[in-house]
Each structure stands twice: as C-alpha cells, then as structure tokens.
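*Asks:* Build me a structure from this.
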Amino acid sequence: MYKEVVISVIIIIVIFVINFITQSYTNYSVDMVASKLDEVSEYLSNEAGTEAGEDTGSEKLKECMKSVRSAWNEVNEKMSYYLEHNELEKVDVELAVIESYIDTGTYAEVAASIEKEKCILDSLKEREQLRLINVF
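*Replies:* As a prediction, this is how the structure comes out:
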C-alpha cells in the first residue's frame with residue numbers, strides 16, 4: 001500500500017513540474033511573438049505619417065514581419081509537441097494574412113490583423129494555464 005502511494009505522489013509531482021515547464025515556455029514564446037508584433041505595429045503607425053508609395057518603408061515592414069515569422073517558426077516547432085495543432089494553425093494563418101496585406105499594401109488591414117493575432121496568442125496562453133475551468 002505504501003509503495004503505491006509513493007509512486008502516485010511522484011507521478012503527480014512530475015505532472016505538475018512538466019506542466020509548469022510547458023506553461024512557462026508557452027508564456028515566454030507568446031510574449032516574444034507578441035512583442036515582435038508590437039514592433040511591427042509601432043513601425044506601421046510611424047510610417048502612417050509618411051507617403052504610402054515609399055518602397056523603403058514597405059521593405060522594412062517586410063523585414064520586420066520576416067523576423068516575426070522566423071520567431072514564430074522557432075517556437076511553433078517546440079509547442080507543437082504539447083499544444084493543439086488547430087490553435088497553432090490559427091496563428092500561422094493569421095500571420096500569412098498579415099504578410100499578404102503587407103505585400104498588397106493594405107496597411108489598415110494589417111493593423112486590424114495584428115490585433116486579431118494578439119487575441120489569438122492570448123487565448124493560446126490562457127488555454128495552457130492549469131486552472132480548474134481548463135481541467136473540466
């Protein structure tokens with residue numbers, strides 16, 4: 001009887017430790033990608049005062065978006081081991097939408113899509129938290 005209790009307690013402790021590690025990584029990753037999206041949003045708002053026809057601003061915006069995409073690809077690979085794939089695909093799809101809006105030059109839609117992407121990332125972080133509502 002004593003042996004089974006000890007094994008059960010060890011298993012529960014391991015589950016909580018693994019959950020803490022994955023939750024910490026998810027929070028770090030989501031915050032990192034969200035901060036890069038904030039940089040894109042700030043650059044977009046700074047460029048709103050300049051002429052829309054400038055190619056240099058568009059190229060810099062594309063470079064900022066490439067850094068967001070590369071950061072997401074890094075963390076997506078690791079998070080795909082323990083998160084639902086449909087949640088990760090929502091982030092991928094919205095990033096593709098933002099990139100297509102940047103390519104076409106519809107910057108008003110870029111700002112809206114960035115906000116939508118931040119909401120998706122926040123919901124991803126909330127779903128990973130160990131709370132009673134998420135357990136049941």
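
*Asks:* Which neighbouring elements make contact with the helix or strand harbouring residue 33?
*Replies:* According to DSSP states H and E, residue 33 maps onto helix 2-47. Helix 2-47 sits against helix 55-79, helix 107-128, with contacts defined as 3 or more C-beta pairs under 8 Å, 6 or more residues apart in numbering; DSSP states H and E. In short, each C-beta sits where N, CA and C put it, glycine included.

*Asks:* which stretch among those comes nearest residue 100?
*Replies:* Distance to residue 100, taken as C-beta to C-beta, is lowest for helix 107-128 among the helices and strands packed on helix 2-47, at 9.2 Å.

*Asks:* Just the angle for that closest one relative to helix 55-79, thanks.
*Replies:* 20 degrees (axes from the mean of the first three to the mean of the last three C-alpha atoms, to 10 degrees).

*Asks:* how far is helix 107-128 from where the chain is centred?
*Replies:* Taking the mean of its C-alpha atoms, helix 107-128 sits 8 Å from the chain's own mean (C-alpha atoms, centre = their mean, to the nearest Å).

*Asks:* Quick one: mean pLDDT for that helix?
*Replies:* For helix 107-128, the mean per-residue pLDDT is 90.
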